[in-house]
Structures are given as structure tokens and as C-alpha cells.
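Asker: Starting from these lines, generate the structure:
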Amino acid sequence: MKQLLTFAALALSLTATQASALELENVRTILPRSVAAQFCPGGSQPAYVPMAYQGMTGNEICAANQNGPKSCVAAKFMAIKVDNTYSIWTPADVSCSTPVVGAWPWGRMQLKPDVLESQWAHPDLHIICCQ
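Answerer: Numbers count the residues shown, from 1 in each chain. The predicted structure is shown next:
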């Protein structure tokens, strides 16, 4: 029974991970690092967050940085519009202790159809800024 429950938990976890991965889109060509860096405060730098770190907090992401800055100073929200322009929306920024899925260069895809050109058709994301 214990093995069956362990297998069921593992299968559920794998399914959730796969679903999350399918909902993310790489936006590095639309929003390159040089642009993301402009939105990080006070000389901090945007972290490249691999898939394995999606769902972790900004603090955890920056602490794992292999090249320098270890402290999270901001998790800035950004949305990408259908015409590939981008916009920040400060009310959607989160604290460095909040888990983030869709951290740059990965964005959360919009999961409902949308025909309006004025709506967000590309993913939204958070830029994790480390210092």
C-alpha cells in the first residue's frame, strides 16, 4: 500500500510538472537580457532562471546563482503584448519570498483564446533581480 501511494504521489507530481512546463514559453528573443536588465533596480541584474527553478522564490533563485550576486532585490512583473512590445505593471510585482512560475526568460502563456489585438497574446513573467 505504501508503494502504491508513493507511486501515485510521484505520478501526480510528474503530471503537474509536465502541465506547468507546457504552460511556459521562452521569451528571450522578444525580451532579451539587455532589455530585462533595464527594469532591475539599483544596479541589480536579471537572473536567467532555468526550468528547474520555476516555482522557487526570488531569494532561492538568487542564492543559487553560480556567478556572483546572491541576494534578491526585486521580482518585477512584465507583460508582452501581441505586437511584441512589453509593459511593466508594478501592482503585480511580488516579494522575493514569493514562489514564481514564469521567471525570465520563461513566461506564463495565456491559456484562454483571445481575438482582441489589445489583449496580451504573449506570456507574462517576472524578472528576478539579483544583487
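Asker: I'd like the distance between the spatially most central residue of the chain and N59.
Answerer: In the chain, the centroid-proximal residue (CA atoms, centre = their mean) is A103; its distance is 1.6 Å. Distance, A103 to N59, using CB to CB, to the nearest Å: 12 Å. Yep, even glycine has a C-beta here, placed from its N, CA and C like the rest.
Asker: The residue nearest to the centre of the chain bridge partners, please.
Answerer: Under DSSP bridges, the beta-bridge partners of A103 are H126.
Asker: In this structure it contacts V49, no?
Answerer: Yes: counting by CB atoms under 8 Å, A103 does reach V49; the two are 3.8 Å apart.
Asker: In this protein, what residue spans correspond to helices?
Answerer: 2-22, 33-37, 58-63 (DSSP state H).
Asker: Just give me the lowest mean pLDDT stretch among the ones you listed.
Answerer: Among these, helix 2-22 carries the lowest mean pLDDT, a mean of 43.
Asker: circling back: shared neighbours, A103 and V49?
Answerer: I61, I128 (CB atoms under 8 Å, 6 or more residues apart in numbering).
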